[in-house]
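Participant: below is the sequence, then the predicted model.
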Amino acid sequence: MKQRRFAHGAITRSFLCASLSTGFFFLAATSAFAAALSKPQMAYVSIRTGDPQIWVRDGVGEELMLTEGKGLFAQPSMAQDGRLAFVAREAGRTVVFVMNPDGSAKRRVSAGSLAELAPSWSPDGHSLAYFTMDMASGSMQLHLLDLKTQELVVIKGNGKDKGPAAPVWSRDGQSVSFLGQDDKGRSQVWVVQSDGGNLRELSSKTAPRGAGWADLSPDGKKLVWIGDLREKGTHILVTDVASGVTTNLTSAVQAGHEAARWSPDGQRIVFASNRDDQLNSRSDIFVMNANGGEARNLSRHPSEDFDPKWSADGRKVVFASLRSGTTLLYEVDLASMTTQALARHPSHDMDHTLRPLAMLRD
């Protein structure tokens, strides 16, 4: 099983590790370029200019690079109003910044001395969830920060490391799911209220060997996640948050599964799997009903396809692929089953985030 399994944004995290000794600075995008793309619908990391930079794309395919300079810009997260959170290098560590949709008004979200990574917007755009890491000990915690009041909730839990995959908010903003270590040091799925209360670990009874790729359903009542069940491959599981009851949606399929995510209406799940590859070495993109039925292969390509994410309206899926020889982003229309490359160049685009539906009416 590839190292990319069981980890969100592993390519971006490799940038974090590889850039520990790099310097950091950025320049604001010019107003002329920013005005050309004021309503971005997707953000992603591209290294087409030589360094990882944050780019955005609007609904008609116009692209704009929002960061500049040597260093690292990665892990973008897009709020409903188009604002972006991301990580960048400063003083030998990664820290979380936010900026406007046009790249203006970049600022740090905290004044802390810890490294910060994997930011995630609350549905109302008022708060960010992200992980912090003590550079000396390597220990990681979850922080929930209200950007207006600067009120901070720190999730230490069992004292074990949290992350590194980006946390996920429920649509009502009342709870957050994330990955964190259990008492045996294995990655498991956790959920906590946004005020820090009712911290619970939900996966180890079903998958004591470890879990990954957790995503809360839109109504916050269920978690879909990937579990290692002591057999070849991995499985897609759904846990009822209130009762803790877990259902294996792929019990009849011996294959690797990853990146399971709910559709915006909660009726379907998109995921990547090698189930259609005889050698179990190459993944395609699939979609299935929320109960595990009617799984459909969306990509069927001899190259590796991975990291699928829903468009805001649930009509399309954007995913990363190695079919060009580099990592680029592609979009498949679920009605027509047509697939198009979102950009063509000899470098890499990855770690994409799509703007939530609520504010797309502008």
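Facilitator: Nice, thanks for sending it over.

Participant: quick one: low-confidence ranges for the stretch 251-362 of the chain?
Facilitator: Scanning the stretch 251-362 of the chain for pLDDT under 70 picks out the ranges 358-362.

Participant: that one: helices as residue ranges?
Facilitator: Along the stretch 251-362 of the chain, no segments are classed as helices by DSSP state H, counting those that start in this stretch.

Participant: now the strands for it?
Facilitator: Assigned by DSSP state E, counting those that start in this stretch, the stretch 251-362 of the chain shows strands spanning 257-262, 268-273, 284-289, 296-297, 305-310, 316-321, 328-333, 339-341, 349-354.

Participant: quick one: which of those is nearest residue 217?
Facilitator: Of all the strands of the stretch 251-362 of the chain, strand 257-262 sits nearest to residue 217, with 5.0 Å by Cβ to Cβ. The C-beta positions use only the backbone N, C-alpha and C, and glycine is treated the same way.

Participant: save the strands of the stretch 251-362 of the chain as CSV, and put in distance to residue 105 too.
Facilitator: Below are those laid out as CSV (distance: least, Cβ to Cβ, whole Å):
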stretch, distance to residue 105
strand 257-262, 30
strand 268-273, 33
strand 284-289, 36
strand 296-297, 42
strand 305-310, 26
strand 316-321, 27
strand 328-333, 26
strand 339-341, 32
strand 349-354, 19
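
Participant: which among those strands is found nearest to residue 138?
Facilitator: Nearest of these (Cβ to Cβ): strand 349-354, 22.6 Å.

Participant: and that closest one with strand 328-333, angle?
Facilitator: Relative orientation of strand 349-354 versus strand 328-333 (axes from the mean of the first three to the mean of the last three Cα atoms, to 10 degrees): 40 degrees.

Participant: tally of neighbours for residue 118?
Facilitator: Around residue 118 there are 29 other residues, counting by other Cβ atoms under 10 Å.

Participant: which residues does it contact?
Facilitator: For residue 118, the contact set (Cβ atoms under 8 Å, 6 or more residues apart in numbering) comprises 8, 9, 75, 87, 130, 131, 163, 164, 165, 166, 167.

Participant: who wins for most neighbours among the residues you listed?
Facilitator: Busiest of the contacts of residue 118 [other Cβ under 10 Å] is residue 75, holding 30 neighbours.

Participant: I figured that one hits residue 86, correct?
Facilitator: Yes - Residue 75 lies in contact with residue 86 (Cβ atoms under 8 Å); the separation is 5.9 Å.

Participant: shared neighbours, those two?
Facilitator: What both residue 75 and residue 86 touch, as defined by Cβ under 8 Å, 6+ apart, is the set residue 119.

Participant: quick one: residue 47 and residue 67, what's the gap?
Facilitator: According to Cβ to Cβ, to the nearest Å, residue 47 and residue 67 sit 12 Å apart.

Participant: look at these two and report which has more neighbours.
Facilitator: The neighbour count for residue 47 versus residue 67, taken as other Cβ under 10 Å, is higher for residue 67 (27 against 18).

Participant: could you tell me the end-to-end distance of stretch 111-125?
Facilitator: 20 Å (Cα to Cα, to the nearest Å).

Participant: how about the contacts made by residue 314?
Facilitator: 263, 264, 265, 268.

Participant: at 10 Å instead, please
Facilitator: With contacts defined as Cβ atoms under 10 Å, 6 or more residues apart in numbering, residue 314 is in contact with 262, 263, 264, 265, 266, 267, 268, 270, 334, 357.

Participant: if we can go back for a sec, for the strands of the stretch 251-362 of the chain, give me CSV that also has distance to residue 201 and mean neighbour count.
Facilitator: Conversion of the strands of the stretch 251-362 of the chain to CSV gives the following (distance: least, Cβ to Cβ, whole Å; neighbours: other Cβ atoms under 10 Å):
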stretch, distance to residue 201, mean neighbour count
strand 257-262, 19, 24
strand 268-273, 22, 25
strand 284-289, 26, 21
strand 296-297, 33, 14
strand 305-310, 25, 23
strand 316-321, 30, 23
strand 328-333, 34, 20
strand 339-341, 38, 15
strand 349-354, 26, 23
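
Participant: between these, which one is nearest to residue 52?
Facilitator: That would be, of these and by Cβ to Cβ, strand 349-354, which comes in at 8.7 Å.

Participant: hang on, residue 256 packs against residue 283?
Facilitator: Yes - counting by Cβ atoms under 10 Å, residue 256 touches residue 283, with 7.0 Å between them.

Participant: one step back: of the strands of the stretch 251-362 of the chain, which approaches residue 246 most closely?
Facilitator: Nearest of the strands of the stretch 251-362 of the chain to residue 246, taken as Cβ to Cβ: strand 257-262 at 13.4 Å.
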